[in-house]
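Chemist: what would the 3D arrangement of this be:
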Amino acid sequence: MVDLLQRPGDVQNAGLLRLRTLVRLRWLAVIGQSIAVLGVQFILGFRVPLGACLSLIALSAWLNIFLSLRWRGGKQLGSRPAGLLLCYDVLQLAGLLYLTGGLENPFAFLFLVPITVSATSLPLPWTLALASIAFGCSTLLAFVHKPLPWAATQVFELPPTYIAGMWAALVSGTVFSSIYARRIAEEARLMSSALSATEMVLAREQRLSALNGLAAAAAHELGTPLATIALVAKELKREVPKSSPYTEDIDLLISQAARCREILTRLAVPDQLSDDVYQQVSFHAMIEDLVAPMRGSEVQILIDAAPADEKKPTPEPIFKRNPAINYGLGNLLENAFDFAKAQVQVKARWTANHATLTVSDDGPGFDQSIFDQLGDPFVTTRPGYGAAGQAEPGQHDGMGLGLFIAKTLLERSGAVVTLSNHKAPLQGAVITVAWPRKDIDLSKAV
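Modeler: Residues are numbered from 1 along each chain as shown. Model prediction:
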(Lines give C-alpha, C1' and ligand atoms only; values in the text may rest on other atoms or scores of the structure.)
Protein backbone atom coordinates (compact mmCIF):
# COMPACT_ATOMS: atom_id res chain seq x y z
CA MET A 1 0.00 0.00 0.00
CA VAL A 2 2.84 2.38 0.84
CA ASP A 3 4.29 1.99 -2.64
CA LEU A 4 1.07 3.24 -4.20
CA LEU A 5 1.15 6.51 -2.29
CA GLN A 6 3.15 9.66 -2.83
CA ARG A 7 4.90 11.17 0.10
CA PRO A 8 4.52 14.91 0.68
CA GLY A 9 7.90 15.67 -0.88
CA ASP A 10 6.83 13.91 -4.06
CA VAL A 11 3.38 15.43 -4.33
CA GLN A 12 4.54 18.74 -5.71
CA ASN A 13 6.46 16.90 -8.44
CA ALA A 14 3.39 15.14 -9.79
CA GLY A 15 2.41 16.20 -13.29
CA LEU A 16 -1.17 17.27 -12.73
CA LEU A 17 -1.66 19.58 -15.70
CA ARG A 18 -3.28 18.18 -18.82
CA LEU A 19 -2.82 19.79 -22.20
CA ARG A 20 -6.57 20.21 -22.53
CA THR A 21 -6.65 22.38 -19.40
CA LEU A 22 -4.02 24.83 -20.64
CA VAL A 23 -5.56 24.98 -24.11
CA ARG A 24 -8.99 25.80 -22.71
CA LEU A 25 -7.59 28.45 -20.39
CA ARG A 26 -5.72 30.02 -23.30
CA TRP A 27 -8.89 30.04 -25.45
CA LEU A 28 -10.61 31.94 -22.63
CA ALA A 29 -7.69 34.39 -22.63
CA VAL A 30 -7.90 34.77 -26.42
CA ILE A 31 -11.63 35.49 -26.27
CA GLY A 32 -11.29 37.90 -23.36
CA GLN A 33 -8.36 39.76 -24.90
CA SER A 34 -10.15 40.06 -28.23
CA ILE A 35 -13.29 41.46 -26.59
CA ALA A 36 -11.25 43.93 -24.54
CA VAL A 37 -9.19 45.21 -27.49
CA LEU A 38 -12.12 45.47 -29.91
CA GLY A 39 -14.36 46.99 -27.24
CA VAL A 40 -11.86 49.73 -26.44
CA GLN A 41 -11.34 50.46 -30.15
CA PHE A 42 -14.91 50.39 -31.45
CA ILE A 43 -17.18 50.87 -28.43
CA LEU A 44 -15.23 53.29 -26.25
CA GLY A 45 -13.68 54.96 -29.28
CA PHE A 46 -10.11 54.97 -27.93
CA ARG A 47 -7.34 54.36 -30.41
CA VAL A 48 -5.52 51.03 -29.88
CA PRO A 49 -2.56 49.65 -31.89
CA LEU A 50 -5.09 47.19 -33.25
CA GLY A 51 -2.85 45.35 -35.70
CA ALA A 52 -0.10 44.60 -33.19
CA CYS A 53 -2.57 43.60 -30.45
CA LEU A 54 -4.55 41.27 -32.74
CA SER A 55 -1.29 39.76 -33.98
CA LEU A 56 -0.30 38.78 -30.42
CA ILE A 57 -3.78 37.40 -29.76
CA ALA A 58 -3.70 35.46 -33.04
CA LEU A 59 -0.34 33.99 -32.04
CA SER A 60 -1.97 32.46 -28.96
CA ALA A 61 -4.84 31.15 -31.06
CA TRP A 62 -2.46 29.54 -33.56
CA LEU A 63 -0.45 28.02 -30.70
CA ASN A 64 -3.64 26.45 -29.36
CA ILE A 65 -4.53 25.07 -32.78
CA PHE A 66 -1.04 23.61 -33.21
CA LEU A 67 -1.10 21.96 -29.77
CA SER A 68 -4.58 20.54 -30.34
CA LEU A 69 -3.60 19.03 -33.70
CA ARG A 70 -0.19 17.78 -32.57
CA TRP A 71 -1.18 16.06 -29.31
CA ARG A 72 -4.29 14.58 -27.75
CA GLY A 73 -6.07 16.87 -25.32
CA GLY A 74 -5.82 14.31 -22.50
CA LYS A 75 -2.01 14.24 -22.64
CA GLN A 76 -0.54 14.81 -19.20
CA LEU A 77 2.17 17.44 -19.35
CA GLY A 78 5.47 17.21 -17.58
CA SER A 79 6.84 20.07 -15.54
CA ARG A 80 9.05 21.46 -18.31
CA PRO A 81 6.49 21.73 -21.17
CA ALA A 82 3.78 23.01 -18.82
CA GLY A 83 6.18 25.59 -17.38
CA LEU A 84 7.24 26.77 -20.85
CA LEU A 85 3.62 27.17 -21.98
CA LEU A 86 2.82 29.22 -18.88
CA CYS A 87 5.97 31.27 -19.48
CA TYR A 88 4.67 32.06 -22.97
CA ASP A 89 1.37 33.23 -21.43
CA VAL A 90 3.24 35.62 -19.14
CA LEU A 91 5.29 37.06 -22.01
CA GLN A 92 2.26 37.35 -24.33
CA LEU A 93 0.35 39.24 -21.66
CA ALA A 94 3.37 41.47 -21.07
CA GLY A 95 3.44 42.23 -24.81
CA LEU A 96 -0.23 43.26 -24.83
CA LEU A 97 0.25 45.42 -21.76
CA TYR A 98 3.27 47.10 -23.38
CA LEU A 99 1.06 48.10 -26.30
CA THR A 100 -1.79 49.30 -24.10
CA GLY A 101 -0.37 51.36 -21.25
CA GLY A 102 1.80 49.05 -19.15
CA LEU A 103 0.90 49.06 -15.46
CA GLU A 104 -1.58 51.89 -16.14
CA ASN A 105 -3.74 49.24 -17.80
CA PRO A 106 -6.16 47.79 -15.19
CA PHE A 107 -5.78 44.33 -16.74
CA ALA A 108 -2.22 44.10 -15.41
CA PHE A 109 -3.57 41.99 -12.53
CA LEU A 110 -3.91 39.08 -15.00
CA PHE A 111 -0.23 38.32 -14.34
CA LEU A 112 -1.63 36.42 -11.32
CA VAL A 113 -3.34 33.79 -13.50
CA PRO A 114 -0.37 31.79 -14.91
CA ILE A 115 1.49 32.09 -11.59
CA THR A 116 -1.49 30.70 -9.68
CA VAL A 117 -1.91 27.83 -12.17
CA SER A 118 1.77 26.99 -11.72
CA ALA A 119 1.51 27.17 -7.94
CA THR A 120 -1.26 24.56 -7.89
CA SER A 121 0.26 22.15 -10.41
CA LEU A 122 4.02 22.55 -10.93
CA PRO A 123 7.10 22.10 -8.74
CA LEU A 124 8.27 25.08 -6.70
CA PRO A 125 11.27 25.99 -8.93
CA TRP A 126 8.99 26.54 -11.93
CA THR A 127 6.62 28.68 -9.88
CA LEU A 128 9.52 30.78 -8.64
CA ALA A 129 10.86 31.13 -12.19
CA LEU A 130 7.49 32.23 -13.56
CA ALA A 131 7.02 34.66 -10.68
CA SER A 132 10.47 36.15 -11.35
CA ILE A 133 9.63 36.61 -15.04
CA ALA A 134 6.30 38.22 -14.15
CA PHE A 135 7.96 40.56 -11.62
CA GLY A 136 10.63 41.50 -14.17
CA CYS A 137 8.01 42.21 -16.84
CA SER A 138 5.86 44.27 -14.48
CA THR A 139 8.90 46.27 -13.36
CA LEU A 140 9.88 46.98 -16.97
CA LEU A 141 6.30 47.88 -17.90
CA ALA A 142 6.24 50.47 -15.11
CA PHE A 143 8.80 52.48 -17.10
CA VAL A 144 8.62 51.31 -20.72
CA HIS A 145 5.24 51.09 -22.46
CA LYS A 146 3.03 52.67 -25.09
CA PRO A 147 0.48 55.26 -23.91
CA LEU A 148 -2.73 54.00 -22.42
CA PRO A 149 -5.50 54.17 -25.07
CA TRP A 150 -7.48 57.35 -24.34
CA ALA A 151 -9.35 60.17 -25.98
CA ALA A 152 -7.27 61.85 -28.71
CA THR A 153 -7.88 65.33 -27.27
CA GLN A 154 -6.73 64.39 -23.75
CA VAL A 155 -3.46 63.21 -22.25
CA PHE A 156 -3.85 60.54 -19.58
CA GLU A 157 -0.88 60.08 -17.27
CA LEU A 158 -0.87 58.56 -13.79
CA PRO A 159 1.55 59.90 -11.15
CA PRO A 160 4.66 57.77 -10.45
CA THR A 161 3.49 57.14 -6.88
CA TYR A 162 0.31 55.52 -8.15
CA ILE A 163 2.28 53.36 -10.61
CA ALA A 164 4.56 52.25 -7.76
CA GLY A 165 1.48 51.34 -5.75
CA MET A 166 0.14 49.33 -8.71
CA TRP A 167 3.46 47.47 -8.92
CA ALA A 168 3.51 46.77 -5.19
CA ALA A 169 -0.11 45.56 -5.25
CA LEU A 170 0.64 43.30 -8.22
CA VAL A 171 3.70 41.77 -6.55
CA SER A 172 2.05 41.26 -3.16
CA GLY A 173 -1.11 39.87 -4.76
CA THR A 174 0.93 37.41 -6.83
CA VAL A 175 2.92 36.24 -3.80
CA PHE A 176 -0.13 35.84 -1.58
CA SER A 177 -2.30 34.09 -4.16
CA SER A 178 0.54 31.75 -5.14
CA ILE A 179 1.28 30.71 -1.58
CA TYR A 180 -2.39 30.26 -0.77
CA ALA A 181 -3.17 28.30 -3.94
CA ARG A 182 -0.11 26.10 -3.52
CA ARG A 183 -0.93 25.30 0.09
CA ILE A 184 -4.56 24.47 -0.65
CA ALA A 185 -3.63 22.29 -3.64
CA GLU A 186 -0.99 20.40 -1.67
CA GLU A 187 -3.36 19.74 1.21
CA ALA A 188 -6.01 18.52 -1.24
CA ARG A 189 -3.54 16.14 -2.88
CA LEU A 190 -2.34 14.82 0.47
CA MET A 191 -5.91 14.28 1.62
CA SER A 192 -6.74 12.48 -1.61
CA SER A 193 -3.75 10.15 -1.21
CA ALA A 194 -4.62 9.47 2.42
CA LEU A 195 -8.27 8.75 1.64
CA SER A 196 -7.17 6.35 -1.09
CA ALA A 197 -5.06 4.55 1.49
CA THR A 198 -8.06 4.43 3.82
CA GLU A 199 -10.23 2.88 1.11
CA MET A 200 -7.53 0.29 0.41
CA VAL A 201 -7.28 -0.65 4.08
CA LEU A 202 -11.05 -0.91 4.43
CA ALA A 203 -11.31 -3.06 1.29
CA ARG A 204 -8.59 -5.35 2.67
CA GLU A 205 -10.34 -5.71 6.02
CA GLN A 206 -13.63 -6.46 4.28
CA ARG A 207 -11.95 -9.14 2.16
CA LEU A 208 -10.46 -10.72 5.28
CA SER A 209 -13.85 -10.64 6.99
CA ALA A 210 -15.45 -12.26 3.94
CA LEU A 211 -12.76 -14.96 3.93
CA ASN A 212 -13.51 -15.73 7.57
CA GLY A 213 -17.18 -16.19 6.71
CA LEU A 214 -16.34 -18.40 3.73
CA ALA A 215 -14.00 -20.50 5.86
CA ALA A 216 -16.71 -21.04 8.47
CA ALA A 217 -19.25 -21.97 5.80
CA ALA A 218 -16.80 -24.33 4.10
CA ALA A 219 -15.97 -26.00 7.41
CA HIS A 220 -19.64 -26.49 8.14
CA GLU A 221 -20.36 -28.00 4.70
CA LEU A 222 -17.29 -30.30 4.75
CA GLY A 223 -18.08 -31.70 8.17
CA THR A 224 -20.68 -34.25 6.93
CA PRO A 225 -18.69 -35.83 4.07
CA LEU A 226 -15.59 -35.98 6.27
CA ALA A 227 -17.56 -37.84 8.97
CA THR A 228 -18.74 -40.30 6.32
CA ILE A 229 -15.16 -40.91 5.19
CA ALA A 230 -14.07 -41.56 8.77
CA LEU A 231 -16.99 -43.96 9.36
CA VAL A 232 -16.30 -45.96 6.17
CA ALA A 233 -12.58 -46.17 7.03
CA LYS A 234 -13.36 -47.61 10.46
CA GLU A 235 -15.73 -50.17 8.91
CA LEU A 236 -13.03 -51.21 6.46
CA LYS A 237 -10.58 -51.66 9.31
CA ARG A 238 -12.97 -54.08 11.01
CA GLU A 239 -13.36 -56.14 7.83
CA VAL A 240 -9.68 -56.24 6.88
CA PRO A 241 -7.49 -58.78 8.78
CA LYS A 242 -4.79 -57.27 10.97
CA SER A 243 -2.14 -59.01 8.89
CA SER A 244 -3.39 -57.38 5.68
CA PRO A 245 -0.95 -55.01 3.89
CA TYR A 246 -3.79 -52.45 3.74
CA THR A 247 -4.16 -52.12 7.52
CA GLU A 248 -1.43 -49.47 7.78
CA ASP A 249 -2.97 -47.44 4.96
CA ILE A 250 -6.41 -47.56 6.58
CA ASP A 251 -4.96 -46.37 9.92
CA LEU A 252 -3.29 -43.50 8.10
CA LEU A 253 -6.59 -42.62 6.43
CA ILE A 254 -8.41 -42.60 9.80
CA SER A 255 -5.73 -40.43 11.45
CA GLN A 256 -5.73 -37.92 8.61
CA ALA A 257 -9.53 -37.72 8.69
CA ALA A 258 -9.34 -36.98 12.42
CA ARG A 259 -6.76 -34.28 11.75
CA CYS A 260 -9.01 -32.71 9.12
CA ARG A 261 -11.86 -32.65 11.62
CA GLU A 262 -9.66 -30.82 14.14
CA ILE A 263 -8.76 -28.21 11.50
CA LEU A 264 -12.41 -27.73 10.57
CA THR A 265 -13.32 -27.38 14.23
CA ARG A 266 -10.88 -24.50 14.57
CA LEU A 267 -12.32 -22.87 11.45
CA ALA A 268 -15.92 -23.29 12.51
CA VAL A 269 -16.43 -22.82 16.23
CA PRO A 270 -20.08 -23.24 17.30
CA ASP A 271 -20.87 -19.51 17.43
CA GLN A 272 -19.68 -19.08 13.83
CA LEU A 273 -22.11 -21.59 12.37
CA SER A 274 -24.94 -19.09 12.52
CA ASP A 275 -24.32 -15.93 10.54
CA ASP A 276 -26.74 -13.89 12.65
CA VAL A 277 -25.07 -14.93 15.88
CA TYR A 278 -21.54 -14.55 14.57
CA GLN A 279 -22.21 -11.05 13.31
CA GLN A 280 -23.00 -9.89 16.85
CA VAL A 281 -20.42 -9.29 19.55
CA SER A 282 -20.65 -7.63 22.94
CA PHE A 283 -18.65 -4.50 23.68
CA HIS A 284 -16.41 -6.31 26.17
CA ALA A 285 -15.87 -9.34 23.92
CA MET A 286 -14.93 -7.14 20.97
CA ILE A 287 -12.25 -5.44 23.06
CA GLU A 288 -10.94 -8.79 24.32
CA ASP A 289 -10.63 -10.08 20.76
CA LEU A 290 -8.64 -7.02 19.72
CA VAL A 291 -6.35 -7.12 22.77
CA ALA A 292 -5.72 -10.89 22.71
CA PRO A 293 -2.81 -10.80 20.21
CA MET A 294 -0.98 -8.23 22.36
CA ARG A 295 -1.04 -10.16 25.62
CA GLY A 296 2.01 -11.98 26.91
CA SER A 297 4.50 -9.17 26.49
CA GLU A 298 6.17 -6.89 29.02
CA VAL A 299 3.45 -4.27 28.62
CA GLN A 300 0.44 -4.96 30.83
CA ILE A 301 -3.00 -4.42 29.32
CA LEU A 302 -5.87 -3.71 31.74
CA ILE A 303 -9.48 -3.90 30.55
CA ASP A 304 -12.29 -2.35 32.56
CA ALA A 305 -15.78 -2.70 31.09
CA ALA A 306 -18.84 -1.59 33.08
CA PRO A 307 -21.92 0.65 32.88
CA ALA A 308 -21.18 4.33 33.43
CA ASP A 309 -23.75 4.48 36.26
CA GLU A 310 -23.39 1.49 38.61
CA LYS A 311 -26.55 2.46 40.48
CA LYS A 312 -28.66 2.29 37.31
CA PRO A 313 -26.88 -0.31 35.19
CA THR A 314 -27.68 -0.36 31.48
CA PRO A 315 -27.39 -3.50 29.34
CA GLU A 316 -24.08 -3.84 27.54
CA PRO A 317 -24.08 -2.67 23.89
CA ILE A 318 -24.03 -5.35 21.20
CA PHE A 319 -21.96 -4.39 18.17
CA LYS A 320 -22.22 -5.75 14.66
CA ARG A 321 -18.86 -7.11 13.57
CA ASN A 322 -17.46 -4.33 11.42
CA PRO A 323 -14.02 -4.51 9.74
CA ALA A 324 -13.74 -0.72 9.85
CA ILE A 325 -14.30 -0.59 13.62
CA ASN A 326 -11.98 -3.55 14.20
CA TYR A 327 -9.19 -1.98 12.17
CA GLY A 328 -9.63 1.47 13.70
CA LEU A 329 -9.66 0.27 17.30
CA GLY A 330 -6.88 -2.24 16.60
CA ASN A 331 -4.68 0.53 15.26
CA LEU A 332 -5.29 2.73 18.32
CA LEU A 333 -4.52 -0.19 20.64
CA GLU A 334 -1.33 -1.04 18.74
CA ASN A 335 -0.15 2.57 18.94
CA ALA A 336 -0.77 2.65 22.69
CA PHE A 337 0.99 -0.71 23.04
CA ASP A 338 4.02 0.51 21.04
CA PHE A 339 4.52 3.71 23.04
CA ALA A 340 3.59 2.43 26.51
CA LYS A 341 6.35 1.90 29.06
CA ALA A 342 4.62 -0.64 31.28
CA GLN A 343 0.85 -0.40 31.07
CA VAL A 344 -2.08 0.25 28.72
CA GLN A 345 -5.54 0.85 30.15
CA VAL A 346 -8.66 0.15 28.13
CA LYS A 347 -11.84 1.43 29.72
CA ALA A 348 -15.28 0.75 28.25
CA ARG A 349 -18.31 2.59 29.59
CA TRP A 350 -21.88 2.79 28.37
CA THR A 351 -25.09 4.57 29.17
CA ALA A 352 -28.54 4.37 27.65
CA ASN A 353 -27.45 6.78 24.91
CA HIS A 354 -23.72 6.34 24.38
CA ALA A 355 -20.94 3.75 24.30
CA THR A 356 -17.45 5.07 25.05
CA LEU A 357 -14.03 3.46 24.81
CA THR A 358 -10.97 5.12 26.33
CA VAL A 359 -7.45 3.89 25.56
CA SER A 360 -4.62 5.36 27.62
CA ASP A 361 -0.95 4.51 28.12
CA ASP A 362 1.96 5.61 30.30
CA GLY A 363 4.26 6.53 27.41
CA PRO A 364 5.54 9.97 26.40
CA GLY A 365 2.15 11.08 25.08
CA PHE A 366 1.44 13.05 21.93
CA ASP A 367 4.18 15.43 20.81
CA GLN A 368 3.07 18.99 21.49
CA SER A 369 4.74 20.20 18.30
CA ILE A 370 2.21 18.30 16.17
CA PHE A 371 -0.71 18.17 18.58
CA ASP A 372 -2.85 20.52 16.48
CA GLN A 373 -2.21 18.31 13.43
CA LEU A 374 -3.10 14.98 15.02
CA GLY A 375 -5.45 13.03 12.80
CA ASP A 376 -4.19 14.72 9.62
CA PRO A 377 -2.50 12.53 7.00
CA PHE A 378 1.31 12.23 6.83
CA VAL A 379 1.80 13.57 10.36
CA THR A 380 4.04 11.42 12.54
CA THR A 381 6.87 11.54 15.06
CA ARG A 382 7.93 7.97 14.37
CA PRO A 383 11.42 7.62 12.87
CA GLY A 384 11.83 6.79 9.24
CA TYR A 385 9.69 9.50 7.69
CA GLY A 386 9.66 13.24 7.25
CA ALA A 387 11.35 15.31 9.94
CA ALA A 388 11.57 12.29 12.21
CA GLY A 389 14.56 11.00 10.27
CA GLN A 390 15.44 7.44 9.35
CA ALA A 391 14.40 4.45 11.38
CA GLU A 392 17.09 2.32 13.00
CA PRO A 393 17.48 -1.26 11.73
CA GLY A 394 14.67 -3.42 13.07
CA GLN A 395 12.71 -0.42 14.34
CA HIS A 396 9.17 0.32 13.19
CA ASP A 397 8.88 3.31 10.88
CA GLY A 398 5.77 5.25 10.02
CA MET A 399 4.21 7.30 7.24
CA GLY A 400 1.80 9.20 9.45
CA LEU A 401 -1.26 7.46 7.99
CA GLY A 402 -2.17 4.98 10.73
CA LEU A 403 -3.92 7.41 13.05
CA PHE A 404 -5.57 9.20 10.13
CA ILE A 405 -6.94 5.92 8.73
CA ALA A 406 -8.12 4.72 12.13
CA LYS A 407 -9.80 8.05 12.91
CA THR A 408 -11.45 8.21 9.48
CA LEU A 409 -12.82 4.65 9.67
CA LEU A 410 -14.15 5.12 13.21
CA GLU A 411 -15.80 8.42 12.31
CA ARG A 412 -17.48 6.72 9.37
CA SER A 413 -19.02 4.28 11.83
CA GLY A 414 -20.56 7.22 13.71
CA ALA A 415 -17.91 7.65 16.41
CA VAL A 416 -16.42 10.86 17.74
CA VAL A 417 -12.66 10.48 18.30
CA THR A 418 -10.92 12.72 20.85
CA LEU A 419 -7.13 12.85 21.33
CA SER A 420 -5.41 14.24 24.42
CA ASN A 421 -2.62 13.73 26.94
CA HIS A 422 -2.84 12.88 30.62
CA LYS A 423 -2.83 15.86 32.94
CA ALA A 424 0.43 16.45 34.84
CA PRO A 425 2.05 14.85 36.73
CA LEU A 426 0.84 11.78 34.81
CA GLN A 427 2.28 11.00 31.38
CA GLY A 428 0.83 9.30 28.35
CA ALA A 429 -1.72 9.64 25.58
CA VAL A 430 -5.47 9.33 26.00
CA ILE A 431 -7.78 8.48 23.09
CA THR A 432 -11.55 8.48 23.55
CA VAL A 433 -13.95 6.94 21.04
CA ALA A 434 -17.65 7.58 21.65
CA TRP A 435 -20.61 6.20 19.66
CA PRO A 436 -24.29 7.06 19.93
CA ARG A 437 -25.86 3.71 20.89
CA LYS A 438 -28.61 4.13 18.32
CA ASP A 439 -25.97 3.95 15.57
CA ILE A 440 -24.14 0.78 16.67
CA ASP A 441 -26.17 -1.18 19.22
CA LEU A 442 -28.02 -4.27 17.97
CA SER A 443 -29.49 -5.19 21.37
CA LYS A 444 -33.10 -4.69 22.37
CA ALA A 445 -32.03 -2.13 24.96
CA VAL A 446 -32.04 0.68 22.37
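Chemist: now the strands: where do they sit in the chain?
Modeler: Using DSSP state E, the strands of the chain run over 280-282, 300-307, 318-320, 343-350, 354-361, 416-421, 429-436.
Chemist: do you know which of those lies nearest Leu77?
Modeler: strand 416-421 (40.2 Å; CB to CB). Where C-beta positions appear, they are placed from N, C-alpha and C, glycine not excepted.
Chemist: each with direction, which strands does the closest one pair with?
Modeler: Applying DSSP bridges to the sheet, strand 416-421 is found paired with strand 429-436 (antiparallel).
Chemist: quickly note the distance from the nearest residue to Lys237 once chain neighbours are set aside to Thr228.
Modeler: In space, and not counting its chain neighbours, Lys237 is closest to Ile250: 4.9 Å by CB to CB, 6 or more residues apart in numbering. Counting by CB to CB, to the nearest Å, the gap from Ile250 to Thr228 is 15 Å.
Chemist: and the pLDDT for the residue nearest to Lys237?
Modeler: In this prediction, Ile250 carries a pLDDT score of 82.
Chemist: over to Leu85?
Modeler: Looking at Leu85, its pLDDT is 92.
Chemist: that one contacts Leu22, correct?
Modeler: Yes: judged on CB atoms under 8 Å, Leu85 makes contact with Leu22 at a distance of 5.5 Å.
Chemist: still on that earlier bit, of the strands of the chain, which is nearest Ile115?
Modeler: Nearest of these (CB to CB): strand 416-421, 38.0 Å.
Chemist: burial of Lys75, as a residue count?
Modeler: Residues near Lys75, counting by other CB atoms under 10 Å, number 14.
Chemist: quick check: closest non-adjacent residue to it.
Modeler: Once flanking residues are discounted, Lys75 sits nearest to Leu19: 4.6 Å by CB to CB, 6+ apart.
Chemist: more neighbours: which of Ile250 and Thr228?
Modeler: In this view Ile250 and Thr228 are compared by other CB under 10 Å, and Ile250 has more residues nearby, 19 against 11.
Chemist: contacts only, for Asn64.
Modeler: By CB atoms under 8 Å, 6 or more residues apart in numbering, the contact list for Asn64 reads Val23, Arg26, Trp27, Val30.
Chemist: ok, the residue nearest to Lys237 to Ala285 distance?
Modeler: 43 Å.
Chemist: try Ala233
Modeler: Distance of Ala233 to Ala285, computed by CB to CB: 39 Å.
Chemist: how about Asn335?
Modeler: Asn335 sits 22 Å away from Ala285, going by CB to CB.
Chemist: the more surrounded of the two?
Modeler: More neighbours surround Asn335 than the other of Asn335 and Ala285, with 21 against 14 (other CB under 10 Å).
Chemist: re earlier: what do Leu85 and Leu22 both touch?
Modeler: Leu77.
Chemist: could you give the number of residues near Pro425?
Modeler: The number of residues near Pro425, taken as other CB under 10 Å, comes to 5.
Chemist: return the distance of Gln373 relative to Leu190.
Modeler: 11 Å.
Chemist: same deal with Asp367?
Modeler: For Asp367, the distance to Leu190 (CB to CB) stands at 19 Å.
Chemist: ditto for Gln92
Modeler: For Gln92 relative to Leu190 (CB to CB), the value is 34 Å.
Chemist: all helices of this protein, in order?
Modeler: All helices of the chain, identified by DSSP state H, fall at 8-11, 19-38, 50-70, 79-99, 112-121, 124-143, 160-239, 247-267, 275-278, 283-291, 323-339, 402-412, 437-440.
Chemist: in TSV: these, plus distance to Val430.
Modeler: Converted to TSV, the helices of the chain look like this (distance: least, CB to CB, whole Å):
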stretch	distance to Val430
helix 8-11	28
helix 19-38	47
helix 50-70	57
helix 79-99	45
helix 112-121	39
helix 124-143	39
helix 160-239	23
helix 247-267	37
helix 275-278	33
helix 283-291	16
helix 323-339	9
helix 402-412	14
helix 437-440	21
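Chemist: determine which stretch of those is the most buried.
Modeler: helix 112-121 (a mean of 23; mean count of other CB atoms under 10 Å).
Chemist: mean confidence for that one?
Modeler: Mean per-residue pLDDT for helix 112-121: 88.
Chemist: packing partners for it?
Modeler: helix 19-38, helix 79-99, helix 124-143, helix 160-239 (3 or more CB pairs under 8 Å, 6 or more residues apart in numbering; DSSP states H and E).
Chemist: which of those sits closest to Asp362?
Modeler: When the helices and strands packed on helix 112-121 are compared by CB to CB, helix 160-239 sits nearest Asp362, at 28.2 Å.
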